[in-house]
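Participant: any chance you could fold what I've pasted below:
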Amino acid sequence: MADGTKAVVDASAADAAADEAALAAAIDELGGGKTAPASAADASSTDASEDDGEADGGADGGDTPADPDREASVGEETSEITAPLSVREIAAELAAGSPRKKPTPTPEPAAGRRPTDPQPTVDPRDTATLPRTLPAPMRHSGDMIGHRYRLEECISQTETFSSWRAVDEKLRRAVGVHLMASGHQRARKVLAAAKSAALLGDPRFVQVLDAVQEGELVYVVREWLPHASDLAKLLANSPMEPHEAYQMVRQVADAVAAAHRRGQAHLRLTPRCVLRTDSGQYRINGIAVDAALRGLPAEESADDAQRTDTRAIGVLLFAALTHRWPYPEDRYDLQGLPKGLQNAAPDQVRAGVHKGLSELAARALFDHPPHHAEPITTPEELVRAIARLPKIRQPEPELPAFQAPPRHNTHALPTAPNPTRVADTTVAPLPPSSRPTSSRRTRRRLRRVVKATAWTVALGAIGVASWQFVGSLRNTGPTIAATPQPSVSTAAPTTHPTTHTPVPIAIKDAQSYNPLGDGPQGRESLGKAFDGDPNTAWTTGWFFDQFGTKPPALQSGTGLMIDLGSPQPVSSVNVQFLGGEQAAELRVPTAAAATNPMGAKPESFTVVGKKSGTSVEYTVDPPVTTRYLLIWLTALTKDDDGKYRGHVAEVKVSG
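Facilitator: Next comes the predicted model:
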């Protein structure tokens, strides 16, 4: 894992037996005067329903109302919260279309003996010996978890677990933390799910950073996206445009299909779990972990898991197109469908829905789609179906309406030299024949733009000519400057050839300059930045987001420090990038930072030039004498795996 996951400590058999005996005694004591269940199977069924009821007490409610004495919900407005499933929704969304095997009935207990555990135990270390309901650990804002994570705000709290926004004191960044009692029956499943999710390593999923059992506490640490909005919030007021709905379902289906190829399933993909970042990318939260936290049963086969996630994606697309929840219940601030519209395609629920997306949602959601269409049962099939859709164009942005400048009120003038002047339109409207047409207004605006452009070009030409003239005086010396020439033409640069011939300067060494990150990057490929081969490159580490897009969680840049061996006059620097367009600044250390540039901060360097592209040329005029040059990368290229990296193929310095 990113921060190192501690091993899960298994309780000993003796401790498990002691816990079981204490639990049995408590049940016997509390059950005095009550009739024992008829069979162990009945007891197990009752206990399972209680566990489902426990999963209902979350942020957005369900079919079973939450008991305020047992559960509280805090801060539902945040985009990081995930809503629990109700009993009816579990049956409707997870079990529909894929019948499950019925549990094997257990023999009735001996007469006169009350069962102490609804799930018979074979191995004392099995999770069935642990209590099914154990209160969530009580914590408060400011508490430290694992001597590293400081809790700041409780996002949601149920009877079983609580979710927090916290701060990683070591890396100084915001994180999300789930807390659960280590003695709970679900604790081991939560740890196992968190560790398998962390191994996924796909940037399209919110990353699990740590999963630890520490004493009586189990906590799962995940990435925090403060500027992202979940799909439920995006759909709060209106449905999505076809292009945006297409982008959402395409990115979500691609990510879920990639997870299933690696043996991972989400099993609880709700609108609260799909987050859109500022850059328009969709990230999926809670893969495997959300289902384990709420005790949802694991699918019996990989086909069942794929059908569950595919149906969930169909639900998301249905809600995005219709602004309605495709089940009778009202969920996620969306109104449910009437019973008469069950198994109806989105274009039958709302007018104007994109035909191709409507058919896609129906095929993914229903086992028997309308018009005898073939159902889609796996995320991989859904990805292929999306690829076959005709291209959905992005709508053109609406330009603001042009407002004509207000007319001057000539009636306010002291004299009216022209008695036949037409009155202001606000006083008396012009007849239709005398009103200026739209084409006339367009021509007048065009003439004004042409005049302004001409003046700008003229002023720019004068400025460039003056700059070249001053440069020629500085380069030719005082003797030539003192002798006036009969005619000087600065318009053609070829009439004044430069007296300086660039001379290549050999690069002695290069080092990774990364003061804002965790340490040097790409040490093994530093020499490729000046080896003369443009097909090899020094490569930085990878980042989930572009520099400067997530302040203050993400650093603003990283750099390559060029060492010329000794102070030399530098007139130009050429930098070639590999893999796509990148942005970088050329910086030189100040006098205070020249002695130890690797230990100086980025503010201790002077910016000489800023450029972006696949190959950039920095011209230093007048030349600067320095030993060190800093190529400071401010925008990286996005690789095929969705991560951002910098690739510097070749650096050439001339004096």
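Participant: I'd like the average pLDDT over stretch 360-367.
Facilitator: Stretch 360-367 shows a mean pLDDT of 94 in the predicted model.
Participant: now do it: everything it contacts.
Facilitator: With C-beta atoms under 8 Å, 6 or more residues apart in numbering as the contact definition, stretch 360-367 has outside contacts at 96-97, 249, 310-311, 313-315, 317-318, 321, 326, 343, 345-346, 369-370, 373-376, 382, 385-386, 389. Every residue, glycine included, has its C-beta placed from N, CA and C.
Participant: which parts of that stretch are buried?
Facilitator: Counting neighbours by 16 or more other C-beta atoms under 10 Å, one finds that the buried residues in stretch 360-367 are Leu360, Ala361, Ala362, Arg363, Ala364, Leu365, Phe366.
Participant: quick check, nearest of these to Ala258?
Facilitator: Ala364 (17.1 Å; C-beta to C-beta).
Participant: next, the closest one: phi, psi?
Facilitator: Backbone geometry at Ala364, expressed as degrees, to the nearest 10, gives phi -80, psi -30.
Participant: before we move on, the earlier item: of the contacts of stretch 360-367, buried ones?
Facilitator: Neighbour-count burial (16+ other C-beta under 10 Å) applied to the contacts of stretch 360-367 gives 97, 249, 310-311, 313-315, 317-318, 321, 326, 345-346, 369, 375-376, 382, 385-386.
Participant: these in strands, which ones?
Facilitator: Counting by DSSP state E, none of the members of those fall within strands.
Participant: circling back to that earlier point, now the buried residues of stretch 360-367 as TSV including distance to Arg150 and secondary structure?
Facilitator: Putting the buried residues of stretch 360-367 into TSV (distance: C-beta to C-beta, whole Å; DSSP: H, G, I helix; E, B strand; the rest coil) gives the following:
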residue	distance to Arg150	secondary structure
Leu360	45	helix
Ala361	43	helix
Ala362	48	helix
Arg363	47	helix
Ala364	42	helix
Leu365	43	helix
Phe366	47	coil
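Participant: now do the closest residue to Glu617 other than its chain neighbours against Asn237, distance only.
Facilitator: Nearest non-adjacent residue to Glu617, counting by C-beta to C-beta, 6 or more residues apart in numbering: Asn574, 5.1 Å away. Asn574 sits 51 Å away from Asn237, taking C-beta to C-beta, to the nearest Å as the criterion.
Participant: next: Ala537.
Facilitator: When C-beta to C-beta is the yardstick, Ala537 and Asn237 sit 46 Å from each other.
Participant: tell me which of those two has more neighbours.
Facilitator: More crowded of Ala537 and Asn237, by other C-beta atoms under 10 Å: Ala537, with 22 against 8.
Participant: what about that one, distance to Gly646?
Facilitator: Counting by C-beta to C-beta, the gap from Ala537 to Gly646 is 9 Å.
Participant: which residues do these two both contact?
Facilitator: With contacts defined as C-beta under 8 Å, 6+ apart, the residues shared by Ala537 and Gly646 are Phe577.
Participant: which residues touch Leu629?
Facilitator: Met561, Ile562, Leu564, Val570, Val573, Leu586, Arg587, Val588, Val653.
Participant: can you tell me the helix or strand for the last one?
Facilitator: Same thing as Val653. Val653 is located in strand 647-654, with elements delineated by DSSP states H and E.
Participant: helices and strands around that strand, which ones?
Facilitator: In terms of contacts (3 or more C-beta pairs under 8 Å, 6 or more residues apart in numbering; DSSP states H and E), strand 647-654 is packed against strand 504-505, strand 538-539, strand 558-577, strand 615-635.
Participant: run the angle between it and strand 558-577 for me.
Facilitator: Between the axes of strand 647-654 and strand 558-577, defined by axes from the mean of the first three to the mean of the last three C-alpha atoms, to 10 degrees, the angle is 80 degrees.
Participant: quickly list what the residue lying closest to Ile145 once chain neighbours are set aside is bridged to.
Facilitator: Excluding its sequence neighbours, the residue lying closest to Ile145 (C-beta to C-beta, 6+ apart) is Tyr219, at 5.5 Å. According to DSSP bridges, the residues that bridge with Tyr219 are Leu179, Val212.
Participant: burial count for Tyr219?
Facilitator: Neighbours of Tyr219 using other C-beta under 10 Å come to 26.
Participant: then Arg173?
Facilitator: Residue neighbour count, defined by other C-beta under 10 Å, stands at 16 for Arg173.
Participant: again with Gly580
Facilitator: By the criterion of other C-beta under 10 Å, Gly580 has 13 neighbours.
Participant: repeat that for the one 3 residues further on.
Facilitator: A total of 20 residues lie near Ala583 under the criterion other C-beta under 10 Å.
Participant: and it, how far is that from Met561?
Facilitator: Ala583 sits 18 Å away from Met561, going by C-beta to C-beta.
Participant: with Glu650 instead?
Facilitator: Glu650 sits 16 Å away from Met561, going by C-beta to C-beta.
Participant: can you check Leu199 too?
Facilitator: Going from Leu199 to Met561 by C-beta to C-beta gives 35 Å.
Participant: more neighbours: those two, which one.
Facilitator: The residue with the greater number of neighbours, taking Leu199 and Met561 and applying other C-beta under 10 Å, is Met561; the counts read 21 against 13.
Participant: okay if I get the buried residues of stretch 360-367 as JSON lines plus distance to Leu296?
Facilitator: As requested, the buried residues of stretch 360-367 are arranged in JSON lines below (distance: C-beta to C-beta, whole Å):
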{"residue": "Leu360", "distance to Leu296": "26"}
{"residue": "Ala361", "distance to Leu296": "23"}
{"residue": "Ala362", "distance to Leu296": "25"}
{"residue": "Arg363", "distance to Leu296": "25"}
{"residue": "Ala364", "distance to Leu296": "20"}
{"residue": "Leu365", "distance to Leu296": "19"}
{"residue": "Phe366", "distance to Leu296": "22"}
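Participant: which one of those is nearest to Gln468?
Facilitator: Leu360 (61.8 Å).
Participant: how many residues are close by Arg148?
Facilitator: Residue crowding around Arg148 was assessed by other C-beta under 10 Å; the count is 17.
Participant: quick check, it in contact with Arg172.
Facilitator: No. Taking C-beta atoms under 8 Å as the contact criterion, Arg148 and Arg172 are not neighbours in contact, 11.3 Å apart.
Participant: give the residues shared as contacts by the two.
Facilitator: Jointly contacting Arg148 and Arg172 under the rule C-beta under 8 Å, 6+ apart is no residue at all.
Participant: sorry, back to before: tell me the spacing between the residue nearest to Ile145 and Lys170.
Facilitator: 15 Å.
Participant: okay, now the unreliable bits of the stretch 201-350 of the chain?
Facilitator: For the stretch 201-350 of the chain, applying pLDDT under 70 flags the ranges 300.
Participant: all helices of it, in order?
Facilitator: According to DSSP state H, counting those that start in this stretch, the stretch 201-350 of the chain carries its helices in the segments 231-234, 242-261, 289-293, 302-322, 346-349.
Participant: tell me the angle of the longest one relative to helix 242-261?
Facilitator: If I follow you right, that is helix 302-322. Taking the same axes, to 10 degrees, helix 302-322 and helix 242-261 form an angle of 170 degrees between their directions.
Participant: by contact count, what packs against helix 302-322?
Facilitator: Other elements packing on helix 302-322 under the criterion 3+ C-beta pairs under 8 Å, 6+ apart are helix 231-234, helix 242-261, helix 346-349, helix 355-365, helix 379-387.
Participant: got the CA coordinates for the strand holding Val653 in CSV?
Facilitator: Written as CSV, here are the backbone C-alpha positions of strand 647-654 (Å, rounded to 0.1, in the frame of the first residue of the first chain):
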residue,chain,number,x,y,z
HIS,A,647,9.4,13.3,-19.9
VAL,A,648,12.5,15.5,-20.7
ALA,A,649,14.2,13.9,-23.8
GLU,A,650,17.0,16.3,-24.5
VAL,A,651,18.5,19.6,-23.1
LYS,A,652,20.9,21.6,-25.1
VAL,A,653,22.7,24.7,-23.8
SER,A,654,24.4,27.4,-25.9
